[in-house]
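Engineer: Structural data only, the sequence is not supplied:
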């Protein structure tokens, strides 16, 4: 017996409650789609941080309800009139819906026919369980079935990440974090290519179910956990040789400090889920810490990659060098039959070398203080050990002495990764209702926190307003003098020089005039 679909076209505010009402009236499933899909007025909606719409529907939405005549007599002539009357009683005043017959099919076979094995690069194959594996002995096969979570290898963003992994020649025993792991396909590929340990995390509990199942099917040992799970490999001190995130452009920017914090000095970051036109904006966001570049492009999507420099790379002499100099000094001071003049010359030379090395270490500490101090600072959202606190206190005292002796750059240290946007909200209702006025009053609410236990320079705030196509329509920047609350400025009169105290949280309310075509927004912090 064929199924029957009823299709209602309604305004955005009605779509979700109508769907709930239809489910109560016996619908098997509800689908909400853009009524303008495929046309000029198609309006993409992204459920991502900073762009999540208040109403989870389009201005004109089609609500499709599926019924089974064998169960609910939906093929009866009286069914639709009675359904409309029930909806009318519930407060929905609707026209007669469109009707569509859905023929009975072998739905499992139909679904399986849409997923064939996919070859990526020279060696990687993504093979659904109902297909035979390739005969190539060098093939690395990933057994992943389409299911509860994103990631089957068919989408260009996943394809680009897998291709990046496939083309790396030195993955053996490299640690990797798959942030936003979905089905776990990237983590599984990394493990089979030699990475160890491999960790995957996602905010969706269903993704954890799918990823763990796929890892078991592929016979690999991978830790999958939600971000808030008490897992040591996701602890505050955990760092990785490779951090890979295949999400979307906006959350990649919002999560930038957290993702960079996970990279081991000298490690790499790989970002996907970014449209070609969004690449420059994402690159600019990460430029506070490292240089990203477009590694490869596919079907309008790009994969970005970069390396985090080691801030202590050449700061101090190597251990072998220090031992050698110590041994030279010990040899100079040991009993010898050499003449006093020779002994003195050797002692003077060794002392001079050690003095120069100490001076070099102190100079390196002084001239790299802007990166070294934030790197070493305890975090306010953690519980540092007593040793960590004592060591950092001593480091601050040494820095103070060096600044008094040699002078330091005026003002607090700038460190973008110290800041966390804990919340942001912008009233978009008036603009989204299509007001005919050129600008609409609104209020931007932003709350940020200095996560380090040391003063950090206050950042500038940038608001990007976008239209329904996610194209920027207006960019507004605010200096600290403009966005800081007056009460906070009064309590911290030297904020321009001293910055924000360690652990400080600041909540700002900024009045705005929104253009009438504003439909979304993005907020970021930056230093000019």
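Structural biologist: Yes, it's here. If you're wondering where the values come from, they're calculated on a predicted model, not measured in any experiment.
Engineer: what residue ranges in the stretch 351-500 of the chain score low on pLDDT?
Structural biologist: Filtered on pLDDT under 70, the stretch 351-500 of the chain yields the residue ranges 351-353, 355-370, 381, 402, 404-411, 427-440, 468-470.
Engineer: Okay, helices next: where are they in it?
Structural biologist: When secondary structure is read from DSSP state H, counting those that start in this stretch, the stretch 351-500 of the chain shows helices at 369-376, 386-406, 429-432, 480-483, 486-491, 495-498.
Engineer: can you pull the buried residues of the last one?
Structural biologist: If I follow you right, that is helix 495-498. 495-496 (16 or more other CB atoms under 10 Å). Yep, even glycine has a C-beta here, placed from its N, CA and C like the rest.
Engineer: partners of the helix or strand following it in the sheet?
Structural biologist: Using DSSP states H and E, the next helix or strand after helix 495-498 towards the C-terminus is strand 505-515. Strand pairing for strand 505-515, determined by DSSP bridges: strand 439-450 (antiparallel).
Engineer: of all the helices of the stretch 351-500 of the chain, which lies closest to residue 466?
Structural biologist: helix 429-432 (11.0 Å; CB to CB).
Engineer: residue ranges with poor pLDDT in the stretch 1-150 of the chain?
Structural biologist: Scanning the stretch 1-150 of the chain residue by residue, the ranges that satisfy pLDDT under 70 are 1, 38-57, 107-115, 146-150.
Engineer: I'd like to know which of the helices of the stretch 351-500 of the chain is closest to residue 58.
Structural biologist: Closest approach to residue 58 among the helices of the stretch 351-500 of the chain (CB to CB): helix 429-432, 11.3 Å.
Engineer: need the contact list for residue 143.
Structural biologist: Applying CB atoms under 8 Å, 6 or more residues apart in numbering, one finds that residue 143 lies in contact with 127-129, 214, 217-218.
Engineer: Just put those in CSV and tack on neighbour count and distance to residue 241.
Structural biologist: Output for the contacts of residue 143, formatted as CSV (neighbours: other CB atoms under 10 Å; distance: CB to CB, whole Å):
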residue, neighbour count, distance to residue 241
127, 21, 28
128, 17, 31
129, 9, 31
214, 26, 23
217, 14, 26
218, 19, 21
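Engineer: Please produce TSV containing the helices of the stretch 351-500 of the chain, extended by distance to residue 422.
Structural biologist: As requested, these are arranged in TSV below (distance: least, CB to CB, whole Å):
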stretch	distance to residue 422
helix 369-376	19
helix 386-406	24
helix 429-432	23
helix 480-483	15
helix 486-491	15
helix 495-498	19
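Engineer: on that earlier part again, of the contacts of residue 143, which belong to helices?
Structural biologist: Counting by DSSP state H, the part of the contacts of residue 143 found in helices is 214, 217.
Engineer: Out of the contacts of residue 143, which is nearest to residue 527?
Structural biologist: Among these, residue 214 lies closest to residue 527 (CB to CB), at 41.6 Å.
Engineer: which residues touch that closest one?
Structural biologist: Contacts of residue 214 were listed using CB under 8 Å, 6+ apart, and they are 143-145, 183-185, 188.
Engineer: Now with 6 Å, please.
Structural biologist: Taking CB atoms under 6 Å, 6 or more residues apart in numbering as the contact definition, residue 214 lies against 144, 183-184.
Engineer: Ok, residue 72 next?
Structural biologist: Contacts of residue 72 (CB under 6 Å, 6+ apart): residue 26.
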